[in-house]
Each structure stands twice: as C-alpha cells, then as structure tokens.
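Chemist: Next come a sequence and a model predicted from it.
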Amino acid sequence: MANSEHLAQLDYGVAQWNEWRRRSPQLLPDLSYAKLSGKQFEGINLKGANLSSATLYNTNLNGACCDGATFNDANLTRASLVNATLKQATFINAILSAARLNGANLCKTVFIGADLRVASLRRADLSDADLSATDLRGANLRDADLDAADLSRANLSEAMLIAANFSRATLTRANLDRAECGQSTFYRANLHAASLTDAWFIGTYLYGADLSQTTLSGADFSWSNLSRVNLANATAHQTNLRGVNLSRANLSDANFTQANLRGANLSEAMLEGAILSEADLSDVKRDRAQFNGAIVSDDRV
C-alpha cells in the first residue's frame, strides 16, 4: 500500500513535491495502489517511484520524469505521458489503452503483457524496450524508434507503423495482420513465424530480415527492399511483390501461389522447392537464381 506521508506530499502540488524529491534524493516514493485518476502531475519527478497497481486513469503526466519507476499492474487508461522520460521503467501487465505517449523516452522500458490498445506512441523512443506479449492492436507507432526492441508474440494487428524503425527488433510469432508498415525499416529484424496477412509494407526496407515461416497472404510489399531476406517456408498466397528487390534472398519451399512478382529482382535468389503456381513472373530479373525443384507456371514466366 502507498506510504501515507508520501501521498500527503502530493497534495502540496508538483512544485513542492519536486523540491521534496530534490532534498531527499535517496528516498523512493511508495505510491502503490494509490488512487490518482485525473490528477495534474505535469513535470513531476517520479524517478524510481513505486506505482504498482496504482489507478492513473486520465492522469496528466506530460513531461514527467519516471525513469526506473514501477507501474506493474497499474491502470493508466487514457493517461497522458507526452514527452515523459520513462527509461528502464516497468509496466508489466499494466493497462495503457488509449494512453498518449507521443515523444516519450521509453528506452529499455519493460511492457511485458501490457495492454496498449489504440495507444499513441508517435515518435517515441522504444529502443531496446521489452514489449513481448503486449497488446498493441490499433496503436499508433508512426515514426517511433524500436531498434533492437523485443516484440515477440505481440499483437500489432491494424497498428499504424508507418516510418517506424524496427531494425534488429525481435517480432517472432507477432501478429501484424492489416498493419500499416509503409516506409518502415526492418533491417535484420526477426519476424520468424509472424503473421502479416493483408499488411501494408509498400516501400519498406527489410534487408537481411528473417521472415521464415511467416504468413504474408494478401500483403502488399511492392517496391520494397527484401534483399538477403529469409522467406523459407513462408506462405505468400496472392501477395503483391511487384518491383521488390529479392536478390540473394532465401525463398526455398515458400508458397507464392498467385503472387504478383512482376518486375521483381530475383538475382541469385534461392527458390528450391518454391511454389509459384499462377504467379506473375513477367519482367522478373532471374540472373543466377536457383529454381531447382520449384513449381512454376510456364505461361506466366
């Protein structure tokens, strides 16, 4: 439970609270289970504070310093943390649905199992963050930095991911169905066994990414860079790969039935055992590509 003396300090306002924190830098406030919904805490210093199971519904924490704070099991529905610093904070199983975290510093922050449905994280720094098993359905991560972040088993269906950076991120078994990922960067990202059904990846940079055993059916990757990607055993039924750079990619045993590969670059790609039935391979660049055992519709080559 929250420390009653610490709660009393909050009643004096943000300015006095911050002065109290300045005078007692070693003290770590205990605000666990506190009821703080609708409060105005803009610019407050909550560094290292314990807010586990606290209720912060619609609370204003814009510009707050929450580095190292604990928000496990807290309710931050519709809370505003715009431009807040939350480096290495923990939000395990917290509820942040419809929360606003635009421009927040969330570097190395832990969100395991958190509910971030329709949350806004535009331009947020989530580099090295742990978002495994989080619910990010419909969330807005446009222009966010998720370099080396862990999003394994995360649900990003229908999320806005345009121009986001997922370089070296882990998205194994993640759900990106119908997500908008155009112009994003997935350099050497790990998307093994992820689902990208009907996702929008136009103009995306996926050089060296692992897309093995992914489901890409109905997705649009037109004009993207998939050079050196691993698409082994992927399912790409009716996927739009027009003009895509697949040079030196591993496409072995992948299913490209009825896929659009018109104008794609398959130079030095490995397509052993790939299924290309009814795929459009017109104007494809196939220099030194390996088609051993591939099933190809000759009338479309």
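Modeler: Looks like it came in fine.
Chemist: Which parts of this protein are helices?
Modeler: 4-10, 14-23 (DSSP state H).
Chemist: any idea how far Glu272 lies from Ala264?
Modeler: From Glu272 across to Ala264, the span is 17 Å (CB to CB, to the nearest Å). From N, CA and C alone the C-beta is placed, and that goes for glycine too.
Chemist: Once you drop chain neighbours, what's closest to Thr85?
Modeler: Spatial nearest neighbour of Thr85, excluding adjacent residues (CB to CB, 6 or more residues apart in numbering): Asn105 at 4.5 Å.
Chemist: so where is this protein shaky, pLDDT-wise?
Modeler: 298-301 (pLDDT under 70).
Chemist: hey, where'd the strands end up in it?
Modeler: 275-276, 295-296 (DSSP state E).
Chemist: Pipe those into TSV and attach distance to Ala84 and mean neighbour count per row.
Modeler: Formatted as TSV, these follow (distance: least, CB to CB, whole Å; neighbours: other CB atoms under 10 Å):
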stretch	distance to Ala84	mean neighbour count
strand 275-276	49	22
strand 295-296	54	16
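Chemist: possible to save these as CSV with distance to Leu131?
Modeler: CSV is the format used below for the strands of the chain (distance: least, CB to CB, whole Å):
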stretch, distance to Leu131
strand 275-276, 34
strand 295-296, 39
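Chemist: quick revisit: okay, Glu272 and Ala264: which has more neighbours?
Modeler: Set Glu272 next to Ala264 and count neighbours by other CB atoms under 10 Å: Ala264 wins out with 29 against 14.
Chemist: isn't the more buried one right next to Ser247, touching?
Modeler: No - between Ala264 and Ser247 there is no contact under CB atoms under 8 Å: 9.4 Å.
Chemist: how long is stretch 233-243 from one end to the other?
Modeler: 21 Å (CA to CA, to the nearest Å).
Chemist: what does it contact?
Modeler: 211-223, 226, 251-264 (CB atoms under 8 Å, 6 or more residues apart in numbering).
Chemist: Stretch 102-113 too?
Modeler: Taking CB under 8 Å, 6+ apart as the rule, stretch 102-113 contacts 81-94, 120-134.
Chemist: Would you show me how to pick out the buried ones of these in ChimeraX?
Modeler: Buried members of these, defined by 16 or more other CB atoms under 10 Å, are picked up in ChimeraX with:
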select :81,82,83,84,85,86,87,88,89,90,91,92,93,94,120,121,122,123,124,125,126,127,128,129,130,131,132,133,134
